[in-house]
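Visitor: Return atomic coordinates for the entry below.
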Amino acid sequence: QVQLIESGGGLVQAGGSLRLSCVASGRTFSSYDMGWFRQAPGKEREFVALISPFGSITRYVDSVKGRFTISRDSAKNTVTLQMNSLKPEDTAVYYCKAGQVSSPTTSPGDYWGQGTQVTVSS
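Guide: Numbering: from 1, shown residues only. Alright, predicted model coming up:
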């Protein structure tokens with residue numbers, strides 16, 4: 001079992017930055033692919049970024065490339081999402097996921113955090 005707790009969301013003006021953190025507890029953190037997803041009101045949950053167990057592979061949705069950076073610290077069981085140059089369309093609830101991180105669906109062995117709200121004002 002893995003527990004994921006996100007933090008770092010908030011309200012920011014367009015062009016600003018936020019840093020989201022996801023702390024994992026439970027089973028071996030370093031064995032999991034980790035990812036960030038987001039869900040805006042009235043929209044389906046979408047993939048944002050992923051990182052492989054040892055951090056050698058990262059992937060991003062096109063809309064955040066060059067603005068967001070995903071990283072992980074296995075010593076602290078933490079994955080972070082640094083978000084720069086934020087836009088109003090980035091407004092959503094952001095979720096951390098462990099497991100099958102290329103898909104917004106839930107498969108056996110996947111774990112989700114509770115989500116953290118990010119609001120970007122224009």
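
Visitor: Give me the nearest residue to Asp90, chain neighbours excluded.
Guide: Sequence neighbours aside, Val120 is the residue nearest to Asp90 in space, at 5.1 Å (criterion: Cβ to Cβ, 6 or more residues apart in numbering). Every C-beta, even on glycine, is put in place using the N, C-alpha and C of the backbone.

Visitor: Name the residues that touch stretch 8-20?
Guide: Residues from elsewhere that reach stretch 8-20, judged by Cβ atoms under 8 Å, 6 or more residues apart in numbering: 6-7, 21, 36, 80-88, 94, 96, 116-122.

Visitor: and the most centrally placed residue in the chain, which of the three is it?
Guide: Central residue of the chain (Cα atoms, centre = their mean): Trp36, 2.4 Å from the mean position. Counting by DSSP: H, G, I helix; E, B strand; the rest coil, the backbone at Trp36 sits in strand.

Visitor: Verify the stated contact: it with Ala49.
Guide: Yes. Contact criterion Cβ atoms under 8 Å: Trp36 and Ala49 qualify, at 4.9 Å.

Visitor: anything in contact with each of these two?
Guide: Taking Cβ under 8 Å, 6+ apart as the contact rule, Trp36 and Ala49 both touch Ile70, Leu81.

Visitor: so where's this protein uncertain?
Guide: Filtered on pLDDT under 70, the chain yields the residue ranges 27.

Visitor: pull the CA atoms of the strand ranked longest in the chain into PDB?
Guide: Longest strand of the chain, by residue count under DSSP state E: strand 18-26. What follows is strand 18-26, C-alpha atoms only, in PDB (Å, rounded to 0.1, in the frame of the first residue of the first chain):
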ATOM      1  CA  LEU A  18       4.100  27.300  -7.900                       C
ATOM      2  CA  ARG A  19       5.900  24.200  -6.700                       C
ATOM      3  CA  LEU A  20       3.800  21.100  -6.000                       C
ATOM      4  CA  SER A  21       5.100  18.300  -3.800                       C
ATOM      5  CA  CYS A  22       3.900  14.800  -3.300                       C
ATOM      6  CA  VAL A  23       5.100  12.800  -0.400                       C
ATOM      7  CA  ALA A  24       4.800   9.000  -0.500                       C
ATOM      8  CA  SER A  25       4.700   6.600   2.400                       C
ATOM      9  CA  GLY A  26       4.200   2.900   2.600                       C
END
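
Visitor: That's all I had, so thanks and see you.
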